[in-house]
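K.L.:
Just a sequence and a predicted model for now, questions to come.
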2 protein chains.
Amino acid sequence: MTSEVAQLLEFLRFPSISTDTRFAGDVRACGEWLVEKSREIGLSAELHETPRHPVVIARNEHRPGRKHVLIYGHYDVQPVDPLNLWTSDPFQPEIRDGRIWARGATDNKGQMFAHLMGVAQTMATHGDLPVNLTFLFEGEEEIGSPHLAAFLENHREWLACDVIAVSDTGMVAPGVPTMGYGLRGITCGELVVRGPARDLHSGLFGGAVMNPATALGRLIASLHDAEGKVLIDGFYDDVRPLEAWEREMWAQVPGVGEADFLQVTGAPALFGEAGYSPAEQTWARPTAEVNGMGGGYQGEGSKTVLPAEAMAKFSFRLVPDQDPADIIEKVRRHFEKHCPPGVTIEFVPGHDGKAYHADPHGVFGKAAQRALQKAFGKEPVLIREGGSIPIIQSFREILGADTLLLGLALADAQIHSPNENFPVENFEAGIRLNQALLEELAAS
Amino acid sequence: MTSEVAQLLEFLRFPSISTDTRFAGDVRACGEWLVEKSREIGLSAELHETPRHPVVIARNEHRPGRKHVLIYGHYDVQPVDPLNLWTSDPFQPEIRDGRIWARGATDNKGQMFAHLMGVAQTMATHGDLPVNLTFLFEGEEEIGSPHLAAFLENHREWLACDVIAVSDTGMVAPGVPTMGYGLRGITCGELVVRGPARDLHSGLFGGAVMNPATALGRLIASLHDAEGKVLIDGFYDDVRPLEAWEREMWAQVPGVGEADFLQVTGAPALFGEAGYSPAEQTWARPTAEVNGMGGGYQGEGSKTVLPAEAMAKFSFRLVPDQDPADIIEKVRRHFEKHCPPGVTIEFVPGHDGKAYHADPHGVFGKAAQRALQKAFGKEPVLIREGGSIPIIQSFREILGADTLLLGLALADAQIHSPNENFPVENFEAGIRLNQALLEELAAS
């Protein structure tokens, strides 16, 4: 076992579960350990209080004329239940089959610690780094980063940087270096359809009034055509088309073909907007999804009621350059336009966030790709992701910098689940990646 | 207060709530009281055990050559919660504003007791009745008559009769004598739509798989056209068209116009199959209704999940001559035909029952109309009803006789709700109705 792996195992022993107040002391102890570790390797480091779990900031000595690189990670972890499904104790890390098994092994302790160990090696060899570096290690990512935006606002000038790097996303397949340059945005809303003043006897009144559940079904059906295209007026107006190089590259990316999507979703067949591959559909095309629906009697057996109301929760994944406020207004107008007779509707918008997109062929993007090539010995693939990471948008808005998504997580890492794991080789590649990344960013 | 009203109040004091085992003794005591009351007025009467609450049978002396008339009623009542909404104690009947206020006042003690008191008066005057009469008073109607069909089977020859009369339905408006000659049937089923193997992250996978809630919305939307017609292939094949006299009469019936339906349902507007009035839609046209639906996240806030499945419960109200088994098979085929790609469906049929229809212009129907005319001093209206009363079908199938539905309930009787009531004048009209009915049936 290398010294770096031994130190990671030490890090993984802290049960730094941020959501559970009983572990608040362990979260803090873990943060304090990180401060000590950062100081050991030659960085200046401090714990910064927030209303809940502290932020760790560690920096080398900043000198004029060098790029300022911020590397973000989080040292808090998800809960471990159900504990009985773990092969080994989540906080007594074990190495089996070339992987480290522990809660947080991939998400995010293993990935962020690779950066710290990369810096440690460079500092040990050269006494300094080629860039001005700031490590920002958060203790609240798994509870939605409630205090991070305020922390960024409060240290806006101190943290202002040229570029940000985050290793908290996925690799498309083992050994395939992966750079993410886009994330979908989101906007949400809840629709309530109301008809009669109360649940009615479906015998006495069925046939003479519009059933709100039927009306809701029609409204849901109005959202797509038979080929999966969203039918909301103007929905695609601001959608940035896929570029030719993206379609070409993604067609070659391993792990995201139709067979892969079929296997990982367990759906009987794939279905999506005609003319796009599953990767294109999930990374670069917007969606209209029902997240939940309900109305009337849902218990066992039957109750022949005509329900007074029915509701559905919707989310819309957005892509550049869709504006969440514009889209949710178009959705509202769509539902009003398609509302069947005999019912009224109420639509309440929920949370939202813009899509994220950074040119992968910019100066920093190219530097990151060279670093990935060096670390893995292979040409990296450039992808977007279908989900949303709200802090990335906060980084751009508050710190004015783009983020390089340099994920080291495998699809079977079991993050948020029992038996979370991280291959030792990914950890070691991450150390190499950090060293190459700082060199390439300095030279860019 | 007349002696008849005083006796009804005594009857109403029994808390004969059949669904609650704590009241089982009260149900029995109420049945025993009915036996005594029937004997008092000159009938032979007995309590007949069932696995739960007893049946009361009371008869005059049957003689050859007379019509055998069976009058059905039930002496059990609904629970009374929420008790705090009652103006007076549900089992301490009060007379206010010309109405008797008590649980069971209309449903069904008041209506059935009018028949008993009518018979009492005829017996007192003439020493006998003009027909062979059987009273069948059930104690389990409010729990779905679980043992009545078996009781009918076991006493098939003893109960075989020429015609049955039931006063357990509604009058279209106060003072308007109303004869029902039809009830809708029903068939039910539950549909489950399944997609991915588990709930998916709507960001990572949304856009590449069919959402089962969306698929369910489409299936629900496929059931009707924009004008409210059911689009299931062959659904209307066996529907008996409305007769001209029905449409003419129903257009004149008070209490069932558009304004009445709007008021009683509280819907913002009516909606139903084009070309039919609300009375026609609910009494003589079949329906396809969603009774309940659910899938995904229905709690507070949002959870951006793409649900693994969604379900809906459906009921279809049927009219003559639709066959429930045929219709549910057509429904199953419809869902299979319209199932969107990327999901699978499972459809499980539920309970069913045929529509009921008896010619109102037959010998007994005409006799009943003459009796209604005599009792109320007004021409009766002939209606069907939208609900289903399964025992009526059992009467026809087991006893081989049609049922005259001679309802005395008003729309604001609050049956099954707090402040149930029954106008004293309806009770007195019911007594007159019984006397006229037995005379007219005897003469028919």
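P.N.:
Sure, I can see it. Small disclaimer: the values here were computed from a predicted structure and weren't measured.
K.L.:
So residue A:256: helix, strand or coil?
P.N.:
coil (DSSP: H, G, I helix; E, B strand; the rest coil).
K.L.:
That one - nearest residue in space that isn't next to it in sequence?
P.N.:
Excluding its sequence neighbours, the residue lying closest to residue A:256 (Cβ to Cβ, 6 or more residues apart in numbering or on different chains) is residue A:279, at 4.3 Å. Glycine gets a C-beta too; all of them are placed from N, C-alpha and C.
K.L.:
check contacts around the one you found.
P.N.:
By Cβ atoms under 8 Å, 6 or more residues apart in numbering or on different chains, residue A:279 lies in contact with A:250, A:253, A:256, A:383.
K.L.:
What separation is there between it and residue A:118?
P.N.:
Separation of residue A:279 from residue A:118 (Cβ to Cβ, to the nearest Å): 30 Å.
K.L.:
do residue A:88 as well
P.N.:
For residue A:88, the distance to residue A:118 - Cβ to Cβ - is 27 Å.
K.L.:
Name the residue most distant from the centre of chain A?
P.N.:
What lies farthest from the middle of chain A is residue A:204; by Cα atoms, centre = their mean that is 50.8 Å.
K.L.:
quick one, phi/psi of that one?
P.N.:
Backbone geometry at residue A:204, expressed as degrees, to the nearest 10, gives phi -70, psi -30.
K.L.:
looking at it, it is touching residue B:387, isn't it?
P.N.:
Yes - Residue A:204 lies in contact with residue B:387 (Cβ atoms under 8 Å); the separation is 5.4 Å.
K.L.:
so how many other residues sit close to the residue in the stretch 1-150 of chain A that chain B sits nearest to?
P.N.:
In the stretch 1-150 of chain A, no residue comes nearer to chain B than residue A:144, which is 12.0 Å away by Cβ to the nearest Cβ. Residues lying near residue A:144 (other Cβ atoms under 10 Å in any protein chain shown) number 12.
K.L.:
tell me the contacts of residue A:352?
P.N.:
By Cβ under 8 Å, 6+ apart, residue A:352 lies in contact with A:185-188, A:324-325, A:328.
K.L.:
Hmm, residue A:255 and residue A:278 touching each other?
P.N.:
No - Residue A:278 lies out of contact with residue A:255 (Cβ under 8 Å); the separation is 11.1 Å.
K.L.:
Who has more neighbours out of the two?
P.N.:
residue A:278 (24 against 19).
K.L.:
Next one, pLDDT for that one please.
P.N.:
With respect to pLDDT, residue A:278 scores 97.
K.L.:
show me what contacts it?
P.N.:
Per Cβ under 8 Å, 6+ apart, neighbours of residue A:278: A:256-258, A:261, A:270, A:272, B:207-208.
K.L.:
Tell me the confidence at residue A:308?
P.N.:
Residue A:308 is given a pLDDT of 95.
K.L.:
Then residue A:209?
P.N.:
If you check residue A:209, the pLDDT there is 97.
K.L.:
Show me the residue sitting in the middle of chain A in space.
P.N.:
Nearest residue to the geometric centre of chain A (Cα atoms, centre = their mean): residue A:389, 4.1 Å.
K.L.:
Quick check: closest non-adjacent residue to it.
P.N.:
residue A:183 (5.6 Å).
K.L.:
Wait, the one you found touches residue A:354, no?
P.N.:
No - the criterion here is Cβ under 8 Å, and residue A:183 misses it with residue A:354 at 9.5 Å.
K.L.:
So between the two, which is more surrounded?
P.N.:
residue A:183 (29 against 23).
K.L.:
bridging residues for that one?
P.N.:
residue A:356, residue A:385 (DSSP bridges).
K.L.:
ok, how many other residues are close to residue A:175?
P.N.:
Using other Cβ under 10 Å, residue A:175 is surrounded by 14 other residues.
K.L.:
Isn't it up against residue A:380?
P.N.:
No - checked against Cβ under 8 Å, the pair residue A:175 and residue A:380 is beyond contact range at 11.3 Å.
K.L.:
ok, the residue in the stretch 251-400 of chain A positioned nearest to chain B - contacts?
P.N.:
Nearest to chain B in the stretch 251-400 of chain A, going by Cβ to the nearest Cβ, is residue A:266, at a distance of 2.5 Å. With contacts defined as Cβ under 8 Å, 6+ apart, the neighbours of residue A:266 are B:196-198.
K.L.:
follow-up on the earlier one: tell me the contacts of the residue nearest to the centre of chain A?
P.N.:
Counted by Cβ under 8 Å, 6+ apart, residue A:389 has contacts A:168-169, A:183, A:356.
K.L.:
what's the domain layout of chain A?
P.N.:
A:3-183+A:356-443, A:185-239+A:286-353 (automatic domain parsing).
K.L.:
Let me have those domains in a markdown table, adding distance to residue B:225 as columns.
P.N.:
Output for the domains of chain A, formatted as a markdown table (distance: least, Cβ to Cβ, whole Å):
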| stretch | distance to residue B:225 |
| --- | --- |
| domain A:3-183+A:356-443 | 37 |
| domain A:185-239+A:286-353 | 11 |
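K.L.:
what's the closest of those domains to residue B:343?
P.N.:
Residue B:343 lies closest, by Cβ to Cβ, to one member of those: domain A:185-239+A:286-353, at 12.6 Å.
K.L.:
And that closest one, end to end?
P.N.:
Domain A:185-239+A:286-353 stretches 5 Å from its first residue to its last (Cα to Cα, to the nearest Å).
K.L.:
Return the distance of residue A:24 relative to residue A:30.
P.N.:
Distance of residue A:24 to residue A:30, given as Cβ to Cβ: 11 Å.
K.L.:
Look at the two and report which has more neighbours.
P.N.:
Using other Cβ under 10 Å, the more surrounded residue of residue A:24 and residue A:30 is residue A:30, with 27 against 15.
K.L.:
Surely the more buried one is in a helix?
P.N.:
Yes - Residue A:30 sits within a helix when classified using three-state DSSP.
K.L.:
which residues sit in contact with it?
P.N.:
A:11, A:14, A:16, A:75-76, A:139.
K.L.:
Out of those residues, which is nearest to residue B:337?
P.N.:
Nearest to residue B:337 out of the contacts of residue A:30 is residue A:76 (Cβ to Cβ; 51.2 Å).
K.L.:
Once you drop chain neighbours, what's closest to the closest one?
P.N.:
Residue A:76 sits nearest to residue A:18 (Cβ to Cβ, 6+ apart), 3.6 Å away.
K.L.:
can you check residue A:406 too?
P.N.:
Counting by Cβ to Cβ, 6+ apart, residue A:167 is the residue found nearest to residue A:406 once chain neighbours are left out, at 5.0 Å.
K.L.:
Surely that neighbour is in contact with residue A:408?
P.N.:
Yes - judged on Cβ under 8 Å, residue A:167 makes contact with residue A:408 at a distance of 5.2 Å.
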